[in-house]
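okay, sequence plus prediction incoming.
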Amino acid sequence: MVPVTTTIKVFGQGTQWTMGFNATILGWHSNHAWRVPMTPAQKVKPTTGFDPKRVSQGFTGLKIYSHFVKTLWDRTSVTNFSCVLYLGLAEAASTALIIGLLNNLLGPWVSLRIAPRSSRRPVYGIYPVWDRVQFQGEFNATIRFRIINLVEASLAALIRAIFLLIHGRYHK
């Protein structure tokens, strides 16, 4: 069984974000980085059309993806985790409320999901920027899993998709 080490990095400020990853398998290294593109909602004027079939497909895809992630996560260890955000809304009360909310969401997630699997103490923080509108952050994570675990998680997701298709819960 061969361990795979993956490092994910996200950095940005405002509308300029960069994402990248580094994978190491048996001494072979692969590095990729890219600038995060604008979302379609930022490029075009929103429409009022609503397609329930597309929404249903989206939820089904999300179920399959979350099953894949959960299966893989159960067999993953975290070597390094760091998440630091700087957030400002140019108004102290609003900034404080959002910072408190995000800390209440991120803290338990790091403590209950990341820390038990981590070989090093996770680092995280959400810091206020009081005098201007700003959203800046850096996320670094190094996770380890075996290739066979990736194959198992993929097969489990495929079986789940087939089950949903057979029982009519998946719409083409």
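Cool, got the structure.

all contacts plus neighbour counts: C-alpha atoms, from now on.
Noted.

residue 18 and residue 35 touch, don't they?
Yes. Under the criterion of CA atoms under 8 Å, residue 18 makes contact with residue 35 at 4.4 Å.

so which of the two has more stuff around it?
residue 18 (16 against 13; other CA atoms under 10 Å).

which strand residues bridge that one?
Beta bridges link residue 18 to residue 11, residue 35 when assigned by DSSP bridges.

if I look at it, how far off is residue 121?
25 Å (CA to CA, to the nearest Å).

in this structure, spot the helix with the most residues.
The residue-count maximum for a helix in the chain (DSSP state H) belongs to helix 52-73.

CA atoms only: put that one into CSV for me.
C-alpha atoms of helix 52-73 as CSV (Å, rounded to 0.1, in the frame of the first residue of the first chain):
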residue,chain,number,x,y,z
PRO,A,52,-36.7,21.5,-10.7
LYS,A,53,-35.1,18.7,-12.6
ARG,A,54,-31.7,20.4,-12.6
VAL,A,55,-32.1,21.2,-8.8
SER,A,56,-32.9,17.5,-8.2
GLN,A,57,-29.8,16.4,-10.3
GLY,A,58,-27.7,18.8,-8.2
PHE,A,59,-28.9,17.4,-4.9
THR,A,60,-28.3,13.8,-6.2
GLY,A,61,-24.8,14.7,-7.3
LEU,A,62,-24.1,16.3,-3.9
LYS,A,63,-25.3,13.1,-2.2
ILE,A,64,-23.0,11.0,-4.3
TYR,A,65,-20.0,13.4,-3.8
SER,A,66,-20.6,13.6,0.0
HIS,A,67,-20.7,9.8,0.2
PHE,A,68,-17.4,9.7,-1.7
VAL,A,69,-15.8,12.3,0.5
LYS,A,70,-17.0,10.6,3.8
THR,A,71,-15.7,7.2,2.6
LEU,A,72,-12.3,8.6,1.7
TRP,A,73,-12.1,10.9,4.8
